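Enquirer: Prediction below, plus the sequence it came from.
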Amino acid sequence: MEFFLSDQTRFMVKLLLKLEIENGWEAEENSGVLEKPRKFKHLLSHSDKLSREDKGLFNLFNILKDLIPESTQSWEYFLEVYGRLVINSFEINDEEDDKAGWGLYLAPSLLNHSCVPNAEAEFSGKQIIIRVNVNIHSAALSDIFISYIGLSESTEKRREKLSKYYHFHCICLRCQGLKLSWKSVEDFNPKYTELIGQKDSVLQAVLDNARGKESDFLWSLRCPSCTGRPVKCSRDETYGVICTYCNKEVAKENIEIYHEVLTAVEQLITAKIIPMDGPQQCIELMTGIVYPYCESYIRCLELAVDNSLLQNNLQMAAEYGESLLSVCRRFCRGSSACIQLVLRLALLYKELGNLEKGMKLLEQAQVHAYSDTQLSFQVLNTIQLYHATNAREREE
C-alpha cells in the first residue's frame, strides 16, 4: 500500500528519529562567531502558543504517532520539537531561486527579524550563508537582521503573519509606520514588544469620528485670556481669532507662537529621523499653547507611549497612555482603537503591579467590545490573566 507524506511530515520524521537515535537534543553547531556552541535544546519552541484546536497540527501528531510512536512520544514532546522546527527553519532555494526544501540551522536561528533587513540567507547546496548587505560597524549578532517572511505585503499583513507563525509583534522601523531611527535601550525587555504599537491608530479614529464643533478641537490653541479653553485656529489664520467662551480676541503674537510651535512639531515627527525623546519634547513644547485635542498633540502622545516603552519606562508610558485614553473617551469611545489602547494599558498596569486600575479599564472595555468578536475575546483573555495573577499573589 502506497501513501503520500508531505514535506513537513517527512521533515518531522527525520528530526524525531535523529533526536531519539543520535541524541540530537545535544547536537552542537558552531558558526565561528558564537561564544558557545548552539544546541537544538537552546531553540525557542513557543509550545505554549500551539493548541489541539489546530486540526492540521493535531492530524500531523496522529500521523507521526502511527508511523514512529516511540520517537513521537507524547503530545507535549511533539509540540516542543515541532515548535522548534517551524520557528527556526529556513526555506532553501536553488540557483533559480525556486523552493528546494527546508533546513534547520542552529547558529543562524539566533538572528532576529526586521522588515528592513540588513542581511539575507543564501544557499550553496545545503550550506547556508548569511550575507550582510550594508556596511555595519559591529560584528554583534544583535545588529544583524534578516526577514522571516516576504516583504511585499502591508504592515498589517506582515504583522499578522509574524504573530501567527513566529509568535511576536514586530516593532521594526518599517512596522512602526514611521521614518525613524529610534533604538531601544541595551537592556530593553523583549516581553514589552507586544505593548508597542497597535493595529488601529487613535488619531485616525478621532479624525473619523470628530463631528461639528468637536472637529474644531483638531486645530485649536489654548485661550490665553480665560482658563485655557480651546480656540479654533486653522493653519492659515493669523489674526481675528476669537475665543467663543470669553469673547476675547487672541493676540496676534500668541497666534504666531502657536503656529511656530506646530510647525516645529510637525517637522520633527515627519522627519526622516526622529530623535529619542523627540515626541516627549514636542508635548512639553505644546503644553499651555496647543490644545491637547489638536492633531499634532494626539500624534505625539501615540509616539510618546512607544518611545517610553522602548526605554523600559513603563510608568511614563502609562501616563502618556492615559492622556491618549482621555482623547479616545471624548471622540471615539468604544472604537477598536480605543479598546486596543485599553488592552495595552491593562497589560502595562499588570507589569506595574496596579491590578485594580487595570481591571477597571478592562471592565469598561468589556461593555464596548461586545460587537467585535476578536476584541471581546482579547478582553476576556486579559481579564482571565488578571484573575490568574491575583490568585498567584494570594497564594504567595
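Expert: That came in fine, so what should we check first? From a predicted model like this one, the values you see are computed outputs, not experimental measurements. Numbering: from 1, shown residues only.
Enquirer: Need the contact partners of the helix or strand containing residue 362.
Expert: Here residue 362, judged by DSSP states H and E, is contained in helix 355-368. Contacts with helix 355-368, where a contact means CB atoms under 8 Å, 6 or more residues apart in numbering, come from 333-334, 338-339, 342-343, 345-350, 376, 379-380, 382-383, 386, 389-390. All C-beta atoms are positioned from the backbone trio N, CA, C, and that covers glycine.
Enquirer: Next up, the contacts around residue 350.
Expert: 358, 385-386, 389.
Enquirer: Which of the three states applies to it?
Expert: The three-state assignment at residue 350 reads helix, by DSSP: H, G, I helix; E, B strand; the rest coil.
Enquirer: Distance check, it against residue 335.
Expert: Residue 350 is 23 Å from residue 335, where distance means CB to CB, to the nearest Å.
Enquirer: Run through the stretch 251-396 of the chain and note the low-pLDDT ranges.
Expert: The model of the stretch 251-396 of the chain has pLDDT under 70 over residues 272, 396.
Enquirer: Can you point out the buried residues in the helix holding residue 362?
Expert: If you call a residue buried by 16 or more other CB atoms under 10 Å, then helix 355-368 has these buried ones: 355, 357-359, 361-362, 364-366, 368.
Enquirer: which residues of the stretch 251-396 of the chain fall in helices?
Expert: For the stretch 251-396 of the chain, the helices defined by DSSP state H, counting those that start in this stretch cover 252-269, 278-286, 295-310, 314-331, 336-352, 355-368, 373-395.
Enquirer: Next up, phi/psi of residue 332, please.
Expert: Backbone torsions of residue 332, given as degrees, to the nearest 10, read phi -140, psi 40.
Enquirer: Pull the number of nearby residues for it.
Expert: The number of residues packed near residue 332 is 22, by other CB atoms under 10 Å.
Enquirer: Would you check that it makes contact with residue 207?
Expert: No: between residue 332 and residue 207 there is no contact under CB atoms under 8 Å: 9.3 Å.
Enquirer: Run through the strands of the stretch 1-150 of the chain in chain order.
Expert: Counting by DSSP state E, counting those that start in this stretch, the stretch 1-150 of the chain has strands at residues 28-29, 38-39, 89-93, 99-104, 112-113, 119-124, 127-132, 145-146.
Enquirer: just those strands: most buried one?
Expert: Stretch with highest mean neighbour count among these: strand 145-146 (a mean of 18; mean count of other CB atoms under 10 Å).
Enquirer: Could you list every helix and strand that that one packs against?
Expert: For strand 145-146, the packing partners by 3 or more CB pairs under 8 Å, 6 or more residues apart in numbering; DSSP states H and E come out as strand 112-113, strand 119-124.
Enquirer: so how far is stretch 266-273 off the chain centroid?
Expert: Centroid separation for stretch 266-273 versus its chain: 21 Å, with CA atoms, centre = their mean, to the nearest Å.
Enquirer: in it, what counts as buried?
Expert: Buried residues in stretch 266-273 (16+ other CB under 10 Å): 268-269.
Enquirer: The spatially most central residue of the chain in helix, strand or coil?
Expert: Centroid-nearest residue in the chain: residue 169, 3.8 Å away (criterion: CA atoms, centre = their mean). Classification of residue 169 using three-state DSSP returns coil.
Enquirer: for it, what are its contacts?
Expert: Taking CB under 8 Å, 6+ apart, one finds 159, 162-163, 193-194, 196-197 in contact with residue 169.
Enquirer: Name the member of these with the shortest distance to residue 324.
Expert: Closest approach to residue 324 among the contacts of residue 169 (CB to CB): residue 197, at 12.9 Å.
Enquirer: So the closest one sits against residue 307, correct?
Expert: No: here residue 197 lies out of contact with residue 307, judged by CB under 8 Å, at a distance of 11.4 Å.
Enquirer: Neighbour count for these two, which is higher?
Expert: Neighbour count, other CB under 10 Å: between residue 197 and residue 307, residue 307 has more, with 25 against 21.
Enquirer: Hmm, the more buried one is touching residue 280, no?
Expert: Yes: at 6.6 Å, residue 307 and residue 280 qualify as touching, with contact defined as CB under 8 Å.
Enquirer: Now for residue 221, how many residues are close by?
Expert: A count of neighbours around residue 221, defined by other CB under 10 Å, yields 27.
Enquirer: if we can go back for a sec, now render the helices of the stretch 251-396 of the chain as JSON lines, adding distance to residue 22.
Expert: What follows is the helices of the stretch 251-396 of the chain, written out as JSON lines (distance: least, CB to CB, whole Å):
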{"stretch": "helix 252-269", "distance to residue 22": "55"}
{"stretch": "helix 278-286", "distance to residue 22": "53"}
{"stretch": "helix 295-310", "distance to residue 22": "43"}
{"stretch": "helix 314-331", "distance to residue 22": "45"}
{"stretch": "helix 336-352", "distance to residue 22": "42"}
{"stretch": "helix 355-368", "distance to residue 22": "48"}
{"stretch": "helix 373-395", "distance to residue 22": "40"}
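Enquirer: For residue 23, which of these is the nearest?
Expert: Between the helices of the stretch 251-396 of the chain, helix 373-395 lies closest to residue 23; by CB to CB that is 36.4 Å.
Enquirer: Can you say which of the helices of the stretch 251-396 of the chain is nearest to residue 46?
Expert: helix 373-395 (16.6 Å).
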